[in-house]
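take a look and give me a structure for this.
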Amino acid sequence: MTPIEPLRRTYTHARQAFLAAADDVGAEVTTDVHPLDGPAGEELAVDVAWTGPRAAQRVLLVVSATHGVEGFAGSALQSHWLAHHVVDQPDDVAVVHVHAFNPYGFAWVRRVNEDNVDLNRNFVDWDHPPPTNADYGRLADALVPERWDDESRGAAVRVLAEATAEFGMAGMQQVVSGGQYDHPTGIFYGGAGPVWSHRWLRGWAADTLSGVAHLGVVDLHTGLGPWGHGELISHEHAGSPGYQRATAWWDEVRSQLDGESVSASLTGDWLGVVGQLAPNAEITAAALEFGTVDTLTVLDALRADAWLHAHGDPRSPDATEIRAQLRAAFADDDPAWLEALWERFAWVAERALTNLTDVRTPSTR
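I've put the predicted structure just below:
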């Protein structure tokens, strides 16, 4: 087995490695350029590499960087698969890699996009008012204070500790990370309408996935759970047909809606609307979440990043330190961590391809 290469240091380096791997295997690559630039003025884009039959009715879709900074790991897995495992792909199944769904967040080393929006809170029904989260509002000023100094942070920690005692750890996770739509500079903000990446996905899917009969989806994430462990998270309730298919494919899948998962129950995650993206397909989908550091360390990094972009200077010396803090919370440069991720991802992809190959009857969805 060829060892996986270390995580790239920047979005640009990761993108170059991905495009080179795709080119080497003759993948069909499409690129949609983001309207904004990266921190060094570099081009940002969503790059899609398609291997296998262009008219395939059985497709495995792998997505990285839904949460920008989490793309360091996701990109490495995608590039390694393209470089060394395209030969494992069945002849009649297409594998489609969406590289950097949120390229702005990836380049700027943020979890959110250019609007401070968490893409996995942005896919609500915007024809109706978004959900409310009044409990988040009680904590908004403590979560992202105006000053990021010892005094202000200490006061905020006391407020958050009192809230944790009130809600419990699981309840606090739900309040803070489930999604909120009233505090644009806060964390886990869902936005005020469909953002650029949201609109891109719907347009791309309409052009690409309408003829697919059987679709497997793996959305790559980091930041929750035990170090190096990859939990498969379903966006559906346990017992639903999609959940049952995912369990048949991968054995152990946990529903975030039913509180089985390391994730809170999310409002507006994109896997929740995947049926709209491929309306003619039978869909088997999961987020693959890899653990890094403990939850409080992750939360502190997210709060620091939100403060920096709400009240600080993203190009100041503080920004370098906070950016490094956030990267460390979502991307571990220890080779053992990345090898653990690769082993898990390779197994998940192999099981998905095997099950897609075994599907021979038209979809009845």
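
and the residue nearest the centre of the chain, how far is that from Ile283?
The centroid of the chain falls nearest to Thr66 when counting by CA atoms, centre = their mean (3.4 Å). Separation of Thr66 from Ile283 (CB to CB, to the nearest Å): 17 Å. To be clear about C-beta, it is placed using only N, CA and C from the backbone, and glycine gets the same treatment.

same question for Ile4.
Going from Ile4 to Ile283 by CB to CB gives 28 Å.

neighbour count: the two, which is higher?
Set Ile4 next to Ile283 and count neighbours by other CB atoms under 10 Å: Ile283 wins out with 24 against 21.

before we move on, what SS does the closest residue in space to the more buried one that isn't next to it in sequence have?
Distance criterion CB to CB, 6 or more residues apart in numbering; nearest residue to Ile283, sequence neighbours excluded, is Leu215 at 4.8 Å. Leu215 falls in the strand class when you classify it by DSSP: H, G, I helix; E, B strand; the rest coil.

per-residue pLDDT of Leu215, please?
On pLDDT, Leu215 comes in at 98.

ranges for the strands of the chain?
Listed in chain order, the strands of the chain (DSSP state E) span 28-37, 43-51, 58-63, 94-99, 214-227, 230-234, 254-255, 282-291.

quick one: list the elements packing against the last one.
In other words, strand 282-291. Applying 3 or more CB pairs under 8 Å, 6 or more residues apart in numbering; DSSP states H and E, one finds that strand 282-291 makes contact with strand 214-227, strand 230-234, helix 241-250, helix 274-277, helix 335-358.

and the closest residue to Ala306 other than its chain neighbours, what does it touch?
Closest residue in space to Ala306, ignoring its immediate chain neighbours: Val144 at 4.6 Å, by CB to CB, 6+ apart. Going by CB atoms under 8 Å, 6 or more residues apart in numbering, Val144 touches 183, 185-187, 303, 306-307, 310-311.

out of those residues, which are inside helices?
If you go by DSSP state H, the contacts of Val144 have 303, 306-307, 310-311 in helices.

from those residues, which would you call buried?
303, 306-307, 310 (16 or more other CB atoms under 10 Å).

which one of the residues you listed sits closest to Gly225?
Arg303 (20.0 Å; CB to CB).

so that closest one touches Ile187, yeah?
Yes. Applying CB atoms under 8 Å as the test, Arg303 and Ile187 come out as touching, 6.5 Å apart.

joint contacts of those two?
Joint contacts of Arg303 and Ile187 (CB under 8 Å, 6+ apart) are 143-144.

how far off strand 214-227 does the longest helix seen in the chain point, in degrees?
Counting by DSSP H, the longest helix found in the chain is helix 150-177. Angle between the axes of helix 150-177 and strand 214-227 is 140 degrees (criterion: axes from the mean of the first three to the mean of the last three CA atoms, to 10 degrees).

and Glu260, how many neighbours does it have?
When neighbours are defined as other CB under 10 Å, Glu260 has 16 of them.

tell me the residue furthest from the middle of the chain?
Each residue of the chain has a distance to the centre, and by CA atoms, centre = their mean the biggest one is for Glu151: 33.5 Å.

how near is that residue to Val157?
Taking CB to CB, one finds Glu151 at 11 Å from Val157.

overlap of the contact sets of those two?
Joint contacts of Glu151 and Val157 (CB under 8 Å, 6+ apart) do not exist.

re earlier: redo the helices and strands packed on strand 282-291 as a markdown table? Include distance to Arg15 and mean neighbour count.
Below are the helices and strands packed on strand 282-291 laid out as a markdown table (distance: least, CB to CB, whole Å; neighbours: other CB atoms under 10 Å):
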| stretch | distance to Arg15 | mean neighbour count |
| --- | --- | --- |
| strand 214-227 | 15 | 23 |
| strand 230-234 | 23 | 24 |
| helix 241-250 | 29 | 19 |
| helix 274-277 | 24 | 19 |
| helix 335-358 | 18 | 18 |
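
I'd like the ones you listed written out as JSON lines, with distance to Asp115 added.
Shown next, in JSON lines, are the helices and strands packed on strand 282-291 (distance: least, CB to CB, whole Å):
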{"stretch": "strand 214-227", "distance to Asp115": "20"}
{"stretch": "strand 230-234", "distance to Asp115": "25"}
{"stretch": "helix 241-250", "distance to Asp115": "30"}
{"stretch": "helix 274-277", "distance to Asp115": "21"}
{"stretch": "helix 335-358", "distance to Asp115": "29"}
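
now for these, which one comes closest to Gly171?
Minimum separation from Gly171 across the helices and strands packed on strand 282-291 (CB to CB) falls at strand 214-227, 16.6 Å.

partner strands of the closest one and their direction?
Counting by DSSP bridges, the strands paired with strand 214-227 are strand 58-63 (parallel), strand 282-291 (parallel).

kindly export that strand (C-alpha atoms) in CSV.
C-alpha atoms of strand 214-227 as CSV (Å, rounded to 0.1, in the frame of the first residue of the first chain):
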residue,chain,number,x,y,z
HIS,A,214,-28.5,4.9,-7.7
LEU,A,215,-26.4,7.5,-5.9
GLY,A,216,-24.0,6.9,-3.0
VAL,A,217,-22.7,10.0,-1.1
VAL,A,218,-19.8,10.4,1.3
ASP,A,219,-19.4,13.9,2.7
LEU,A,220,-16.0,14.2,4.4
HIS,A,221,-15.7,16.0,7.8
THR,A,222,-13.3,16.4,10.7
GLY,A,223,-13.6,17.7,14.3
LEU,A,224,-16.0,15.5,16.2
GLY,A,225,-15.4,12.2,18.0
PRO,A,226,-12.4,10.2,19.2
TRP,A,227,-9.0,10.9,17.6
